[in-house]
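Engineer: Need coordinates for the below:
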Amino acid sequence: MSADAHAAIAAEGLVRTFPGVRAVDGIDLAIERGRVFGFLGANGSGKTTTIRMLTTLLRPTAGRAFVDGLDVQHHPNEVRRRIGVALQEAGLDDLQTGRELLTLQGRLQGMSRAEVGPRIDELLAIVELEDSADRKIGTYSGGMQRRLDLASALVHTPTIVFLDEPTSGLDPISREALWRYVERLNREEGVTLFLTTQYLEEADRLADEVAIIDAGRIVASGSPSALKATIGSDVVSLHIEDGEEASQAVERASERIRALPGLEELRRTEDALVIYIRDGSQMIAPIVTIANETGLSVLEITLHQPTLDDVFLRATGRRLEVDADVPDPSARDASEAAA
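Structural biologist: Here you go, the predicted structure:
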């Protein structure tokens, strides 16, 4: 794939290594203007390292990347003027007020005082911080700080915005509010958004296209609906007990399940057997019979249509476990390297 310099965001063979770690291992991207792109992966998968290279905060070890038609290595200052960036670790000063922070950001972006004032009033209304604009940021809740950080990335009206784990650690109400604003940005203003996330629901709801990254490589990509369609079968999950006896029963049951007609794939997770099979509703009875005859203790059995979680499991061999309190190790490495 050749990097498309006319795309909003493009990359070819993008690589970033740290001592003993290949954090990003040959990523190709071509993101059209006006789209929402979801970069889905677990902590440590390389999401944050990728976004830091695309936003000029970290030099690639190899490969090329273009943002708004500009090579990020050859024209970093111009790229920074054209994009908005809200990283996972918000760089907010607790002693400033919200309005002071946005004013400073606008002035740093070259806006005049006449320009920055009305723009700040507009943004404060959009992110619902009008009543808190003149309070110290240190008094803001986590959700308020996230919305303020997003507003600071938008002061200069960029057409391309990078959001790194924008809702990590937020409560459901704050997360929903931020999702609505992201949708509005894209729908009403045509902003191209590059969104890294570890939330399946977030990627499914917001993204026009999703790429799943695992161990620094893209292992699946496409629209959420297209990715789910690749499963091509129903999903039957047997939630099982753990332990040595259970493991032996799983082996016995798995051998017989693999012989069932319509079986496409069988996956074992820590607490379940996940069965991708055609006509799942018709196959539940035979599966239950096998479980009973092999001594497999089933706590719960579920049947559902494929989800992004199933796509992620099939692509990586494991479920996407979210721990919002654990930072991405690649982010720490990237920060140290950029310092």
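Engineer: Quick check, pLDDT for Ala90.
Structural biologist: At Ala90, the model reports a pLDDT of 65.
Engineer: all helices of this protein, in order?
Structural biologist: 47-54, 76-82, 98-108, 113-126, 142-154, 172-189, 200-206, 224-229, 244-257, 280-294, 308-316, 329-338 (DSSP state H).
Engineer: looking at the ones you listed, which has the lowest confidence?
Structural biologist: Of all the helices of the chain, helix 329-338 carries the lowest average pLDDT, namely a mean of 37.
Engineer: Out of the helices of the chain, which is the most enclosed?
Structural biologist: Mean neighbour count (mean count of other CB atoms under 10 Å) peaks for helix 47-54 among those, with a mean of 28. All C-beta atoms are positioned from the backbone trio N, CA, C, and that covers glycine.
Engineer: What's the separation between Ser221 and Asp28?
Structural biologist: 9 Å (CB to CB, to the nearest Å).
Engineer: Please identify which of the two sits among more neighbours.
Structural biologist: Taking neighbours as other CB atoms under 10 Å, Ser221 and Asp28 compare with Ser221 leading, 19 against 16.
Engineer: give me every residue that touches the residue nearest to that one when sequence neighbours are not counted.
Structural biologist: Nearest non-adjacent residue to Ser221, counting by CB to CB, 6 or more residues apart in numbering: Ala211, 4.1 Å away. Residues in contact with Ala211 (CB atoms under 8 Å, 6 or more residues apart in numbering) are 29, 37-40, 218, 220-221.
Engineer: One more pass at 10 Å, please.
Structural biologist: Residues near Ala211 by CB atoms under 10 Å, 6 or more residues apart in numbering: 27-29, 31, 37-41, 47, 50, 203, 218-222, 227.
Engineer: same deal with Ala291?
Structural biologist: Contacts for Ala291 were tallied using CB under 10 Å, 6+ apart; they are 238, 240, 249-250, 252-253, 256-257, 273, 297-298, 301.
Engineer: Put together TSV for those, with distance to Pro286 on each row.
Structural biologist: TSV is the format used below for the contacts of Ala291 (distance: CB to CB, whole Å):
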residue	distance to Pro286
Leu238	12
Ile240	17
Ala249	17
Val250	17
Arg252	15
Ala253	11
Arg256	9
Ile257	9
Leu273	14
Ser297	18
Val298	14
Ile301	12
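Engineer: Max pairwise distance over those residues: which two?
Structural biologist: Greatest spacing in these, by CB to CB: Arg252 and Ile301 (17.2 Å).
Engineer: ok, Arg252 touching Glu293?
Structural biologist: Yes. Arg252 lies in contact with Glu293 (CB atoms under 10 Å); the separation is 8.6 Å.
Engineer: sorry, back to before: out of the contacts of Ala211, which are inside strands?
Structural biologist: Residues of these located in strands (DSSP state E): 27-29, 31, 37-40, 218-222.
Engineer: Now list the buried members of these.
Structural biologist: Listed as buried from these are 27-29, 31, 37-40, 218-221; burial here means 16 or more other CB atoms under 10 Å.
Engineer: okay, the residues you listed in JSON lines with pLDDT next?
Structural biologist: Output for these, formatted as JSON lines (pLDDT from 0 to 100):
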{"residue": "Ile27", "pLDDT": "96"}
{"residue": "Asp28", "pLDDT": "96"}
{"residue": "Leu29", "pLDDT": "96"}
{"residue": "Ile31", "pLDDT": "97"}
{"residue": "Phe37", "pLDDT": "97"}
{"residue": "Gly38", "pLDDT": "96"}
{"residue": "Phe39", "pLDDT": "96"}
{"residue": "Leu40", "pLDDT": "94"}
{"residue": "Ile218", "pLDDT": "97"}
{"residue": "Val219", "pLDDT": "96"}
{"residue": "Ala220", "pLDDT": "95"}
{"residue": "Ser221", "pLDDT": "96"}
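Engineer: Taking these, tell me the two that lie furthest apart.
Structural biologist: With CB to CB as the measure, no two of those lie farther apart than Ile31 and Val219, at 17.7 Å.
Engineer: Quick test: name the residue nearest the centre of this structure.
Structural biologist: Nearest residue to the geometric centre of the chain (CA atoms, centre = their mean): Thr197, 2.0 Å.
Engineer: That residue - nearest residue in space that isn't next to it in sequence?
Structural biologist: In this structure, Thr197 finds its nearest non-sequential neighbour in Ala203, 5.5 Å apart by CB to CB, 6+ apart.
Engineer: so who does the one you found touch?
Structural biologist: Counted by CB under 10 Å, 6+ apart, Ala203 has contacts 36-40, 195-197, 209-212, 224, 227, 308, 312, 320.
Engineer: ok, 6 Å please
Structural biologist: By CB atoms under 6 Å, 6 or more residues apart in numbering, the contact set of Ala203 is 38, 40, 197, 210.
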